[in-house]
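>>> Below is the sequence, then the predicted model.
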Amino acid sequence: MNELELKKTRNIGLAAHIDAGKTTTTERILYYSGRVHRIGEVDAGTATMDWMEQEQERGITITSAATYCEWNNHSINIIDTPGHVDFTVEVERSMRVLDGLIVVFCAVGGVQTQSETVWRQADKYNIPRLAFINKMDRTGADFFRVVEKIREQLSANPVPITIPIGAEETFEGLVDLVTMEKVTYRDDLGNDIIKTPVEGELKEKALQQRLKMIERLADYSDEITEKFLAEEEVSEKLIKETLRKATISGDIVPVLCGTSLRNKGVQPLMDAICDYLPSPLDVPPINGEEVKTGEAIPCKVDDSEPLAALAFKIANDPFVGFITYIRVYSGRLKKNTKVYNVNRGKKERVTRILRMHANHREELDELTAGAIAVVAGLKFTTTGDTLSSESRKLLLENITFPEPVISVAIEPRSQTDFQKMNESLQALANEDPTFKMYFDEDMGQTIISGMGELHLEIIIDRLLREYKVRGKVGRPMVAYKEAISKVVVSQGSYIRQSGGKGHFAKVTLEIGPMKPGEGFKFDNRVSQNEIPDEFIPAIRHSIEESLTSGPLGGYPIIDIKVTVAGGQYHEEDSDETAYRIAATNAFRDGVSKAGPLLKEPIMKIEVVTPESHMGDILQDINARRGKMLDMKPSLGDTRILKALVPLSELFEYTTHLRNRSQGKATYSMEFDHYDVVPESVTDRVLGKTA
């Protein structure tokens, strides 16, 4: 791809809270760009991007879908992401490879829980973004209120570049503050756009907002500052150049408005994608670590460079088999060629290259730097792996995913389905890094874990529809963890003499707690004389295996540091097996003496309720061991309550909330952190598992 083509390439995503309208917005983008010839509707189950049966039935996006289109001589790769918190993994891995983002807000709901989550994810990857305030035709729509909420709740710098003409049932179009044109529509499909000069009272309001926009842009352009102070006219060209520069740097967020369902305001949004969001050349090159030297090397967006690509999603296509979504950062990838998987240390053959349009596919011969597409034929690659050329083995930063917080036991309907069920679940786990499965020997059951009840419901549904396996599912279980509270030193040994070659190993471990969220850290400070280096990996491996089962209830152990502090070695009898057993003994003994604690997942919930029911709901949250974070007014007499509540207290909460509010309150939740379980609750939890 030459430099001009790269400059006109956009790799963007759409993200939002559930039901803000991002899939509807994507459908309009595809329609107006000519990519599809009829408008798909989410509610009717005809949306192009929601192609899974489960998505069409529920009217929500479950899996991120990729497509592309062309607009104003620009090539736009689009990833439509889910809004439901249970599928936040899809947003996370998409963010990792995007250059720009459109965050869709509901003009009524404003900044909602998942809006905050996706905004934080975009902050994490420093993604330039546009804000699109959708549903301006809805009762209660308020453009400027949502702009202010973006500023307050997201600590952002929103700059409106369009303003609405009317609101609710009187919403008819918008004013483009850059061109000072009134944009209205002659037909219901939004194809026949009328652009006229702004006049009358509307002109006065628009000039005030344009002056505010220019005043904000003056911070990023000396030329605009001079013209602003001299009260001279600022040209459209200069405004666009400054908007683009400040958007790409992340200093401002241009804000647009419309109603995608009523086909108003989408074309100006498409223009803004081309005008203000970055091309692959506009964002800093991603760094890769040279495997041999550890040197950080930037991946230049250049076809002549060695290949560096990131696999960000695995999916099972019914016609192609397992496919891998990749972003090419540098170099060129051709079909029927070999690539090197740096994480696995294995060669892979790319048999096919496909450009996806939801679940449809188009064959390509090659991919160039800056491209997002799909490859088939990879056998070992998983989400987050780096694909490179063998001549330059660069390791790109992996993608981190949250641990599952909820589990259920699942059994096949018949014993003959046992093998098929486990193979099918493993295939689903290969696609989704936040879905885990394992067989519990003590219970004799297969346990599956995920991010929420809906997540597991979809997994079980896919198991039946895609793999034809029907499972019996138990009640949901909380994914508890264990941790320790103090530092201990523990010794373990394994000494066996049987006449011939024996076994000899002694290991001393220092075991201590880490800060919440820091995970597992292993260190070694023994000399070669105490334990030779060749046995250290065996010690680490045995400890990692032991982390899967803690002393309290057999739950995984988190946030722990283990240091090999001492040991003994026998020249003839010491071997890996002996050190594994000695290390396991030392670790288990030490953890049991280190003040073990039970930890539970804490969820952040947001409840939207009429004020008349707020007292009952607050009382109920307190009874569920909840901790209030915030209470604030919303539209009319509604209130928004934010709280932290243990997941174990939230099963069937939807039904309880409906009963307490006469069906008028709604809520959403997302995982926040793990916290120590109170002693009285610990006894109850462990009593149930005993």
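Noted; the coordinates are in hand.
>>> Would you mind measuring the gap between the ends of stretch 153-168?
Using CA to CA, to the nearest Å, one end of stretch 153-168 lies 24 Å from the other.
>>> Also stretch 632-643?
12 Å.
>>> For it, the averaged confidence score.
The average pLDDT for stretch 632-643 rounds to 83.
>>> Give the buried residues for that stretch.
634, 638, 639, 640, 641, 643 (16 or more other CB atoms under 10 Å). For every residue, glycine as well, the C-beta is placed using N, CA and C.
>>> and stretch 199-216, what's its mean pLDDT?
Here stretch 199-216 scores 94 as its mean pLDDT.
>>> Any buried residues in it, and which?
Quick answer for stretch 199-216 (16+ other CB under 10 Å): 206, 209, 210, 213, 214, 216.
>>> and the residue nearest the centre of the chain, helix, strand or coil?
In the chain, the residue lying closest to the centroid (CA atoms, centre = their mean) is residue 92, at 2.0 Å. Look at residue 92: counting by DSSP: H, G, I helix; E, B strand; the rest coil, its state is helix.
>>> For the closest residue to residue 275 other than its chain neighbours, which three-state class applies?
For residue 275, ignoring the flanking residues on the chain, the nearest one in space by CB to CB, 6 or more residues apart in numbering is residue 240 at 5.7 Å. Residue 240 falls in the helix class when you classify it by three-state DSSP.
>>> can you pull the contacts of residue 240?
178, 275, 276 (CB atoms under 8 Å, 6 or more residues apart in numbering).
>>> ok, these vs residue 32, which is closest?
Checking the contacts of residue 240 against residue 32 with CB to CB, the nearest one is residue 275 at 15.8 Å.
>>> I figured the closest one hits residue 244, correct?
Yes. Shown here, residue 275 and residue 244 form a contact pair, counting by CB atoms under 8 Å, at 6.4 Å.
>>> Show me the beta-bridge partners of residue 521.
Residue 521 has the following beta-bridge partners by DSSP bridges: residue 561.
>>> what about it, how many residues close to it?
12 (other CB atoms under 10 Å).
>>> Identify the residues contacting it.
With CB under 8 Å, 6+ apart, residue 521 has these contacts: 514, 560, 561, 562.
>>> can you check residue 338 too?
347, 348, 349, 350.
>>> Might you list the low-confidence residue ranges for the stretch 351-500 of the chain?
357-360, 442-443, 499-500 (pLDDT under 70).
>>> Downstream of the longest strand that the chain contains, the next helix or strand is which one?
Counting by DSSP state E, the longest strand found in the chain is strand 597-610. Counting by DSSP states H and E, the next helix or strand C-terminal to strand 597-610 is helix 614-623.
>>> what packs against that next one?
Counting contacts by 3 or more CB pairs under 8 Å, 6 or more residues apart in numbering; DSSP states H and E, helix 614-623 packs against strand 597-610, strand 627-633, strand 638-646, helix 653-660.
>>> Out of these, flag the one nearest residue 68.
Per CB to CB, nearest to residue 68 of those: strand 597-610, 34.5 Å.
>>> picking up where we left off before, report the buried members of the contacts of residue 521.
Buried, going by 16+ other CB under 10 Å: 560, 561, 562, out of these.
>>> which one of the residues you listed is nearest residue 186?
Nearest member of these to residue 186, counting by CB to CB, is residue 560, at 66.0 Å.
>>> Return the distance of the nearest residue to residue 121 once chain neighbours are set aside relative to residue 278.
Once flanking residues are discounted, residue 121 sits nearest to residue 95: 4.9 Å by CB to CB, 6+ apart. Distance of residue 95 to residue 278, computed by CB to CB, to the nearest Å: 14 Å.
>>> Please apply the same query to residue 590.
51 Å.
>>> sorry, back to before: what's the angle from the longest strand of the chain to helix 614-623?
170 degrees (axes from the mean of the first three to the mean of the last three CA atoms, to 10 degrees).
>>> which helices and strands sit right next to strand 597-610?
Using 3+ CB pairs under 8 Å, 6+ apart, strand 597-610 sits against strand 481-483, helix 614-623, strand 638-646, strand 666-676, helix 679-689.
>>> gap between stretch 509-527 and the chain center?
28 Å (CA atoms, centre = their mean, to the nearest Å).
>>> Could you dump the contacts of residue 521 into CSV with pLDDT and distance to residue 421 added?
Formatted as CSV, these follow (pLDDT from 0 to 100; distance: CB to CB, whole Å):
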residue, pLDDT, distance to residue 421
514, 95, 36
560, 96, 33
561, 97, 38
562, 97, 36
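>>> so who does residue 133 touch?
Residue 133 touches 105, 106, 107, 143, 146, 147, 255, 256, 257, 258, counting by CB under 8 Å, 6+ apart.
>>> what does residue 447 give?
407, 408, 409, 410, 437, 438, 439, 440, 477.
>>> closest to residue 574 among those residues?
Comparing the contacts of residue 447 against residue 574 with CB to CB places residue 438 closest, at 32.3 Å.
>>> State the next helix or strand along the chain beyond the helix or strand harbouring the closest one.
Assigned by DSSP H and E, residue 438 falls within strand 436-440. As assigned by DSSP H and E, the chain's next helix or strand after strand 436-440 is strand 445-450.
>>> Just want the angle from that next one to strand 436-440.
Using the same axes, to 10 degrees: strand 445-450 against strand 436-440 is 160 degrees.
>>> Strand 445-450: partners in the sheet, and parallel or antiparallel?
Applying DSSP bridges, strand 445-450 is found paired with strand 406-412 (antiparallel), strand 436-440 (antiparallel).
>>> Not counting its own residues, what contacts the first one?
When contacts are defined by CB under 8 Å, 6+ apart, strand 406-412 is touched by residues 418, 420-421, 425, 440, 443, 445-453, 455-456, 460, 469-479, 601, 647.
>>> Going by contacts, tell me the helices and strands next to the following helix or strand past that strand.
Counting by DSSP H and E, the next helix or strand C-terminal to strand 406-412 is helix 418-431. On a contact count with 3+ CB pairs under 8 Å, 6+ apart, helix 418-431 meets strand 308-317, strand 406-412, strand 436-440, strand 445-450, helix 453-467.
>>> Dump those to a markdown table, plus distance to residue 518.
Converted to a markdown table, those look like this (distance: least, CB to CB, whole Å):
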| stretch | distance to residue 518 |
| --- | --- |
| strand 308-317 | 25 |
| strand 406-412 | 23 |
| strand 436-440 | 20 |
| strand 445-450 | 21 |
| helix 453-467 | 25 |
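>>> Quick check: next helix or strand after the helix or strand where residue 11 lies?
If you go by DSSP H and E, residue 11 is part of strand 9-16. Counting by DSSP H and E, the next helix or strand C-terminal to strand 9-16 is helix 22-32.
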